[in-house]
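> below are the sequence and a predicted model for it; my questions follow.
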Amino acid sequence: MVETRGRLVSALAVSAAAVALFLVFPSQGHAAASIGGDEVARPSAGERAASTTVFRAVRRVNRSWTCRRRVNLDLVKVTMRTRNEHAIYLRPGCRGRIDRIEVVTRTMDGITVNRGNGRRPAHDLVIGGGYIRCPAHSAAGHQDGIQVMDGLRLTFRNLRIKCGKVHDRGTNSQFYVSGNRPFVPRRVLCINCLLGTGAASPLFIDLSVESGARRTRVCRGDFGYAVRIERRVAVRPVHEGLRILPRRHRLC
């Protein structure tokens with residue numbers, strides 16, 4: 001009996017010591033390291049050792065951002081005030097994942113996808129959500145929320161795109177897919193998006209293959225229609241599950 005009590009006391013002592021060590025050296029758990037600055041966030045050695053979750057972000061003010069390689073980003077946030085450039089360029093070599101974009105531009109396009117010019121264009125890229133807002137347009141030429149001039153398997157999901165003001169006639173489209181042979185966008189889609197009013201043709205599908213929008217709300221544009229498809233050159237255009245909203249709808 002005495003021996004059993006001794007063993008119990010010893011076990012209790014070991015447990016108490018373990019609890020004390022836990023209180024002195026708590027578990028690190030999961031942490032997110034949000035990086036400010038302009039460049040892609042690169043976790044330090046200390047962050048990699050202390051955390052399994054690192055927030056990778058790009059932030060720019062009055063400077064555009066260009067994607068030309070594989071990316072794996074949580075956020076790209078660009079604000080263009082006076083510089084006459086597009087906010088985001090997706091160029092040959094760009095591929096991968098951007099979980100969210102946040103663009104406010106008073107100059108040119110929110111996103112432009114450049115032509116490959118003999119090289120493989122941006123391809124196999126998924127943008128998971130966010131918004132593009134264009135409260136003004138100061139540059140020459142028309143403005144688009146997103147203009148796709150080339151690309152392969154580009155998917156834009158859950159985006160709210162609102163460029164232009166009603167009847168200002170300076171905004172061409174919220175989502176514009178238009179190649180120029182031999183550069184033809186293929187399988188470029190906006191899925192579960194909201195395309196606002198203020199543009200001549202909120203959803204504009206021109207020279208392309210299997211491109212357009214699915215399950216998307218499209219507001220009527222300045223000329224009274226929401227969707228424009230150039231059927232002479234748009235091969236198997238995608239316009240499935242669209243909901244057309246009046247210009248005065250609260251979402252437009």
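Perfect, thanks for sending it.

> pretty sure His187 contacts Arg153?
I think there's a mix-up here, since residue 187 is Arg and not His. Yes. Counting by CB atoms under 8 Å, Arg187 does reach Arg153; the two are 4.9 Å apart. From N, CA and C alone the C-beta is placed, and that goes for glycine too.

> show me what contacts the residue lying closest to Thr216 once chain neighbours are set aside?
The shortest distance from Thr216 to any non-neighbouring residue, by CB to CB, 6 or more residues apart in numbering, is to Cys193 (4.5 Å). Applying CB atoms under 8 Å, 6 or more residues apart in numbering to Cys193 gives the contacts Phe156, Arg157, Asn158, Leu159, Arg160, Ile161, Phe175, Ala213, Thr216, Arg217.

> what about 7 Å?
Phe156, Asn158, Leu159, Ile161, Phe175, Ala213, Thr216 (CB atoms under 7 Å, 6 or more residues apart in numbering).

> quick one: buried residues of stretch 130-142?
Gly130, Tyr131, Ile132, Arg133, Cys134, Ala136, His137, Ala139, His142 (16 or more other CB atoms under 10 Å).

> how about the helices in the stretch 1-150 of the chain?
Secondary structure of the stretch 1-150 of the chain (DSSP state H, counting those that start in this stretch): helices located at 2-24, 45-50.

> worst average pLDDT in these?
Of all those, mean pLDDT reaches its minimum on helix 2-24 (a mean of 41).

> before we move on, back to that, which of Arg187 and Arg153 has more neighbours?
Applying other CB atoms under 10 Å to Arg187 and Arg153 shows that Arg187 carries more neighbours, namely 18 against 15.

> buried ones in whatever helix or strand that one lives in?
In this assignment (DSSP states H and E), Arg187 forms part of strand 186-191. By neighbour count with 16+ other CB under 10 Å, strand 186-191 contains the buried residues Arg186, Arg187, Val188, Leu189, Cys190, Ile191.

> count of residues packed around Val103?
Neighbours of Val103 (other CB under 10 Å): 27.

> likewise Arg232?
7.

> also Arg181?
7.

> grab the nearest non-local neighbour of it.
Here the residue nearest Arg181, using CB to CB, 6+ apart, is Leu207, at 7.0 Å.

> low-scoring pLDDT stretches of the stretch 51-200 of the chain, where are they?
For the stretch 51-200 of the chain, the stretches with pLDDT under 70 are 51-53, 139-140, 167-170.

> rewinding a little: mind listing which of the contacts of Cys193 are in strands?
Judged by DSSP state E, the contacts of Cys193 include Phe156, Leu159, Ile161, Phe175, Ala213 as members of strands.

> in ChimeraX, select just the buried ones from those residues.
A single ChimeraX command selects the buried members of those (16+ other CB under 10 Å):
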select :156,159,161,175,213
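
> hmm, Asp99 is touching Asp74, no?
Yes. Judged on CB atoms under 7 Å, Asp99 makes contact with Asp74 at a distance of 4.7 Å.

> what is the neighbour count of the spatially closest residue to Arg95 that is not a sequence neighbour?
Spatial nearest neighbour of Arg95, excluding adjacent residues (CB to CB, 6+ apart): Asp124 at 4.7 Å. By the measure other CB under 10 Å, the count of residues near Asp124 is 15.

> can you check the one 5 residues further on too?
Per other CB under 10 Å, the neighbour tally for Gly129 reads 16.

> repeat that for Arg119.
Counted with other CB under 10 Å, residues neighbouring Arg119 total 10.

> check contacts around it.
So Arg119 contacts Pro92 (CB under 7 Å, 6+ apart).

> okay, it and Ile229: tell me how far apart.
Separation of Arg119 from Ile229 (CB to CB, to the nearest Å): 29 Å.

> likewise Glu85?
Distance from Glu85 to Ile229, by CB to CB: 29 Å.

> repeat for Leu245
Applying CB to CB to Leu245 and Ile229 gives a distance of 18 Å.
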